[in-house]
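Participant: coords below, sequence missing:
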């Protein structure tokens, strides 16, 4: 019986497939044997893996990039949150540390009415500076916290070094601060070493305040630390203000002229907080 060309081709393809399968099986066995003997196939596999690496790398690049970006964003967010928390804790500790000045002064005298001295609780509102006044002699700054955050007119403001001023205008989202060196500013102070209380006035110079009501027989001298006295109720008692930089004694004058250098560098203020003081009533 004659075989037509179509059947012949089909039989040939079937035989070819069988031969190919047998060849592949034999080749696999040979390669497995050679690999078990540690022959050249190990070297070949190494070369092939090197050649395949760029392909594997490029195939996984989108996935790795997305994963790396996601991890980076999560790490950055975590670092930002942790940095903010540490920053607030640092400012809180610095604020508490400033009270050392007052504790030192209190150790040198007794309060006659210590038992009835009202207890005070202080809250702090942390803020950033968003603008400064460019008018000469007008030392004012604007912060990003306002009445919406609990800031009120009259609240004292400090930085990690000491008192810098007080709130003179509170908007809903921002507030304006009058710095202690402004010509229109005056702050009740106390000289720790002598216990004398007076008023320190702004001079328009960001590096100098002036005390004008200390008697000529005062023992105040250069280097003495000055803190807030708490008189008037605007500034809480015991916060550092500055250091006496010079004492001018003029013959015949009723008062000394004392120059005071603020602890805070008012030209480069960074971290600040608004101080709110509440009197705790006895139950």
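Facilitator: Done, it's in. The structure displayed is predicted, hence computed values, not measured ones. Numbering: from 1, shown residues only.
Participant: Could you use CA atoms for every contact and neighbour count after this?
Facilitator: OK.
Participant: Pop out the phi and psi values for the spatially most central residue of the chain.
Facilitator: Central residue of the chain (C-alpha atoms, centre = their mean): residue 87, 4.0 Å from the mean position. According to degrees, to the nearest 10, the main-chain angles of residue 87 amount to phi -60, psi -40.
Participant: which residues in the chain form strands?
Facilitator: Along the chain, counting by DSSP state E, strands occupy 119-127, 129-132, 140-143, 156-159, 162-170, 175-179, 186-191, 197-202, 209-214, 225-228, 240-248, 256-262, 272-280.
Participant: quick one, which of those is nearest to residue 67?
Facilitator: Nearest of the strands of the chain to residue 67, taken as C-alpha to C-alpha: strand 119-127 at 35.2 Å.
Participant: Now do the closest residue to residue 247 other than its chain neighbours, the pLDDT please.
Facilitator: Once flanking residues are discounted, residue 247 sits nearest to residue 258: 4.6 Å by C-alpha to C-alpha, 6 or more residues apart in numbering. With respect to pLDDT, residue 258 has a value of 94.
Participant: and residue 258, what does it touch?
Facilitator: With contact set as C-alpha atoms under 8 Å, 6 or more residues apart in numbering, residue 258 has these partners: 210, 211, 212, 244, 245, 246, 247, 248.
Participant: Is it bridged to anything, and to what?
Facilitator: residue 211, residue 247 (DSSP bridges).
Participant: coming back round to it: state the distance from the residue nearest to the centre of the chain to residue 179.
Facilitator: Distance, residue 87 to residue 179, by C-alpha to C-alpha, to the nearest Å: 23 Å.
Participant: Got the phi and psi for the nearest residue to residue 230 once chain neighbours are set aside?
Facilitator: Closest residue in space to residue 230, ignoring its immediate chain neighbours: residue 237 at 3.9 Å, by C-alpha to C-alpha, 6+ apart. Note on residue 237: its backbone torsions stand at phi -70, psi 140 [degrees, to the nearest 10].
Participant: Let me know how buried residue 237 is, in neighbour terms.
Facilitator: For residue 237, the neighbour count with other C-alpha atoms under 10 Å is 17.
Participant: Equivalent analysis for the one 4 residues further on, please.
Facilitator: When neighbours are counted by other C-alpha under 10 Å, residue 241 registers 30.
Participant: low pLDDT regions in this protein?
Facilitator: Within the chain, the stretches with pLDDT under 70 are 1-17, 31, 33-50, 52-53, 56-57, 60, 92-121, 134, 277-283.
Participant: all helices of it, in order?
Facilitator: In the chain, the helices defined using DSSP state H lie at 5-36, 40-106.
Participant: For the contacts of residue 258, work out which two are farthest apart.
Facilitator: So, the contacts of residue 258 by C-alpha to C-alpha: farthest apart are 212 and 245, at 13.9 Å.
Participant: Single out the most deeply packed of the strands of the chain.
Facilitator: strand 225-228 (a mean of 26; mean count of other C-alpha atoms under 10 Å).
Participant: Partner strands of it and their direction?
Facilitator: Using DSSP bridges, the strands paired with strand 225-228 in its sheet are strand 186-191 (antiparallel), strand 240-248 (antiparallel).
Participant: Between the ones you listed, which one is closest to residue 263.
Facilitator: Closest to residue 263 of those is strand 240-248 (C-alpha to C-alpha; 4.6 Å).
Participant: Across the sheet, point out what pairs with the closest residue to residue 272 other than its chain neighbours.
Facilitator: Distances taken as C-alpha to C-alpha, 6+ apart place residue 159 nearest to residue 272, at 4.3 Å, with adjacent residues excluded. In this entry, residue 159 is beta-bridged to residue 162, by DSSP bridges.
Participant: hang on, residue 159 packs against residue 264?
Facilitator: Yes - at 7.0 Å, residue 159 counts as touching residue 264 under the criterion of C-alpha atoms under 8 Å.
Participant: Show the contacting residues for the nearest residue to residue 143 once chain neighbours are set aside.
Facilitator: Excluding its sequence neighbours, the residue lying closest to residue 143 (C-alpha to C-alpha, 6+ apart) is residue 129, at 4.4 Å. Neighbouring residues of residue 129 by C-alpha under 8 Å, 6+ apart: 141, 142, 143, 144, 270.
Participant: who's in contact with residue 248?
Facilitator: By C-alpha under 8 Å, 6+ apart, residue 248 lies in contact with 256, 257, 258.
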